[in-house]
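> Model the structure of this input:
(2 chains)
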Amino acid sequence: MIVDLLLWPALAALLWVNRRRPLLWPLVALALLLLFNRLFTPGFFALEIRDGRLYGTLVDVLNQGSKVMLLALGMTLVIATGGVDLSVGATMAIAGAVMARLAGVSIPVALGGGLGVALLAGAWNGLLVSAFRIQPIIATLILMVAGRGVAQLVTDGQIINFEQPALVYLGNGSLLGLPFTLALVLGMFVLTALLVRRTALGLFIEAIGDNETAARFTGLPARPVKFLVYVFAGLCAGLAGLVAASNIKSADANHIGLYLELDAILAVVVGGTALTGGRFQLAGSLVGALLIQTLGTTLYARNVGADVATVPKAIVILAVCLLQSPVLRAKLAGLRRPAPAALRKEGAA
Amino acid sequence: MSAPVLVCRGLTKRFPGVVALDGVDFCARGGEVHALMGENGAGKSTLIKALTGVHPRDAGEAEVDGRPVHPRSPREAEAAGISTVYQEVNLIPDLSVAENICLGRQRTRLGFIRWGDARTRARAALARLGLELDVDRTLSECSIAIQQLVAIARATDIDARVLILDEPTSSLDAGEVAQLFTVVRRLRDRGLAIVFVSHFLDQVYALADRITVLRNGRLVGEFPVAELPRLQLVAHMMGRSVDEVEALRHRERPAAAPGEPLLSTRGLALRHAVLPLDLELRRGEVLGLGGLLGSGRTEVARLLFGLDRADAGETRLEGRPVTFHSPADAMRAGLALTPEDRKTQAILPNLTVRENLIVALQARRGLWKQIPRAEQDRLVADFTRALGIKTSGPEQLIRNLSGGNQQKVILARWLATEPRLLILDEPTRGIDVGAQADIERLLARLRDEGLAIVFICADTAELSRNSQRIAVLRDHAKVAELTGPDVNEQAVMRAIARETAA
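All right, here's what the predicted structure looks like:
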């Protein structure tokens, strides 16, 4: 089949390129999961073209995974500074609600309003963390708890439906036969990569996350940078919220983005960025998000009930995290070729 | 002479690669304050930790009132009669005074704590020190001095025979120190043996009856305070005889050709850290900042670099008044600081040598103007060669480098910003001899290129070898400024040891 001809060589090449990179283990897990589905889940790789558009489970994975991928981009930068943003799920709900509420006014106003309010939410978090020095987990917990209430206020407690084609296209349309959301994710990924690697932002973020005291002694603008990453996480959450609302053509303040902040954090950690901050892996976070989505879709396709699906999901995540754990890897390496006692001692010192 | 309470013989403690304590004898007598003196790394802390069960000792014995003690934890040491109050108050700030005094030794009834009894005991313990205090107050509401006294009350609440005070005065002001001393004298008069560790010579001479000096983990000697002049004490701590110090010849050094003043301070001060300070830094000159640890050297560096804000006085840069609100401000004016603690204040351990080297220059250029990769690589290559940095490559993580090479990278980080004024806080601490020589040579070269340099160093020999002018600090104040032929070890030691005029 043509999918096999394209996918497996591409995966193999990706693994080879990343053989010494932190991306290796999440990629291996993803490849194994796909292989499992190729062998044991009938129809998982089936694709068909209808009305110039590609349909199939793999396409669903990309489309459904787009929200966590968007969140993971912003979350990566926040976590790299040593923080965390628990409010992104609630921010999605607010952004979706504002877009639905303004849908009747005009399309630019609806989109701009949704994203604008998400930027405000991010600025609020950034202010609490950088200016008032509240611990990130607490600072963002405030909006996580209050955000859905704000979204309810925006929608007057109703589920607001909308029909505007442009807004529906955002989460359901296709571009060159592929879901538009995929283009959105790729666009944001390139934008983020340029932002952190073509300016000094990436270096500053990693320096602050690695040793904030030293960063301050070196004259780095630690507080503005922290503010900026929370604003950026808000923007990413806003985009994800618009997509989520568009998916269901309505704003459901109670359910849009529910628990997605946890998936996003998981994606970042599985992707090789440490929760303690410092070095971050932007592409790794995307792979992590894809892994989580593929896992969810696999379980769904194999008729594992949603109520018990969390258990196999947790097991796979645990396996990837353990494979990345330096302690476990040192032990495994020791098992493979026991070093002479003297050498081990030197290595430990 | 009163009876020995705590007697140690041949205490030895080894750590991998070093003997921290080498057969030290020590004796503290009841009703006496016994000062334990020595430079950093002399073994004072190790001795205390060996006595209080923090470190198991490798050899030697200790007795309290003739009974051998062998504590394996601070709790066992307390049970044996040895109580300790550490430099950093290690009480629990969010609990009340009474809870802090009685924590871990509350009397219980049917498994429940008797809080009334705890309060009564806490009040009694404070009263024994002559203190009256609301025991229900939260500890964090009390001043550091009161917290220190609460720690002493806790230490003496149990039946202590020996009270060890490890640098208890380092964060107190003069009035608070007097209050502490009143309490310590009261305890001494009740017959406790008190061991007092401090870097402040004035305080030692005001309080102690006897002094034991350690150096490099060995006992130098035990002296009654009255028979040990200050200069002799300083010489003992540094491992030189007074005669040897006297005989030190002023070394030939290039005639200082100081340029015009670059930065000057007048009455610069910060409460608890720096007493009003006048300094003048000139181009092409190394100004040494001398003094014992805790004399305020690092605090001066922090003030100059904008890490702390002065609460009095002014700073002038080329004659114009300036205020640095942050290190970024200071950097824009052409200042650079390599901090005292390389590990926690300077290196970004998980980033590469390249990133560590360019980060200050990048900070100065700002977020949006990324230094092109080619320029980064050139900077790294240039400085690696110029400073002789030994690394397997620019992409090596800095934490894998030796201390000396890490320090060179940090120096390169600041030299890359092309500073006009370079402040080096203990740049040679904890690095090997070769790297130290490299850094000293670099210092001379930068001076000749016209930089103004502030060189902070605890080693008087190294200080006088590298400076054209030396400001000596003691107890947070500048007590002397040495120029010309006076820039020598002996003069520095005299200045450190000199009795206060009053």
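
> Point me to the helix or strand that includes the residue in the stretch 401-502 of chain B positioned nearest to chain A.
Across the stretch 401-502 of chain B, no residue is closer to chain A than B:R413, which sits at 7.2 Å (C-beta to the nearest C-beta). Placement of C-beta: from N, CA and C, glycine included. If you go by DSSP states H and E, B:R413 is part of helix B:403-415.

> Now A:A29: closest residue in space, sequence neighbours ignored.
A:V320 (5.0 Å; C-beta to C-beta, 6 or more residues apart in numbering or on different chains).

> Can I get the helix or strand that the one you found is a member of in PDB, CA atoms only?
When secondary structure is defined by DSSP H and E, A:V320 falls within helix A:310-324. C-alpha atoms of helix A:310-324 as PDB (Å, rounded to 0.1, in the frame of the first residue of the first chain):
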ATOM      1  CA  THR A 310      -6.700   5.800  31.000                       C
ATOM      2  CA  VAL A 311      -4.900   2.700  32.400                       C
ATOM      3  CA  PRO A 312      -3.100   1.500  29.200                       C
ATOM      4  CA  LYS A 313      -2.400   5.200  28.400                       C
ATOM      5  CA  ALA A 314      -0.700   5.600  31.800                       C
ATOM      6  CA  ILE A 315       1.400   2.500  31.200                       C
ATOM      7  CA  VAL A 316       2.800   3.700  27.800                       C
ATOM      8  CA  ILE A 317       3.500   7.100  29.200                       C
ATOM      9  CA  LEU A 318       5.300   5.600  32.200                       C
ATOM     10  CA  ALA A 319       7.400   3.400  29.900                       C
ATOM     11  CA  VAL A 320       8.600   6.400  27.800                       C
ATOM     12  CA  CYS A 321       9.400   8.400  31.000                       C
ATOM     13  CA  LEU A 322      11.300   5.500  32.400                       C
ATOM     14  CA  LEU A 323      13.300   5.100  29.200                       C
ATOM     15  CA  GLN A 324      14.300   8.700  29.500                       C
END
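
> Show the pLDDT at A:L128.
With respect to pLDDT, A:L128 scores 95.

> who's in contact with it?
A:L128 sits next to A:I134, A:A139, A:T140, A:I142 when contact means C-beta atoms under 8 Å, 6 or more residues apart in numbering or on different chains.

> any idea which of these has the most stuff around it?
A:T140 (31 neighbours; other C-beta atoms under 10 Å in any protein chain shown).

> List every C-alpha atom in the helix or strand harbouring it, with coordinates, as CSV.
A:T140 is located in helix A:136-155, with elements delineated by DSSP H and E. Output of helix A:136-155 as CSV, limited to C-alpha atoms (Å, rounded to 0.1, in the frame of the first residue of the first chain):
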residue,chain,number,x,y,z
PRO,A,136,3.4,29.4,38.7
ILE,A,137,1.4,26.3,39.7
ILE,A,138,-0.7,28.5,42.1
ALA,A,139,-0.8,31.6,39.8
THR,A,140,-2.2,29.6,36.9
LEU,A,141,-4.5,27.4,39.1
ILE,A,142,-6.4,30.6,39.8
LEU,A,143,-7.4,31.0,36.2
MET,A,144,-7.9,27.3,35.8
VAL,A,145,-10.5,27.4,38.5
ALA,A,146,-12.1,30.7,37.5
GLY,A,147,-11.8,30.5,33.7
ARG,A,148,-14.7,28.2,33.1
GLY,A,149,-16.9,30.5,35.2
VAL,A,150,-15.7,33.5,33.0
ALA,A,151,-16.6,31.4,29.9
GLN,A,152,-20.1,30.8,31.4
LEU,A,153,-20.5,34.5,31.9
VAL,A,154,-19.6,35.1,28.3
THR,A,155,-22.2,32.6,27.0
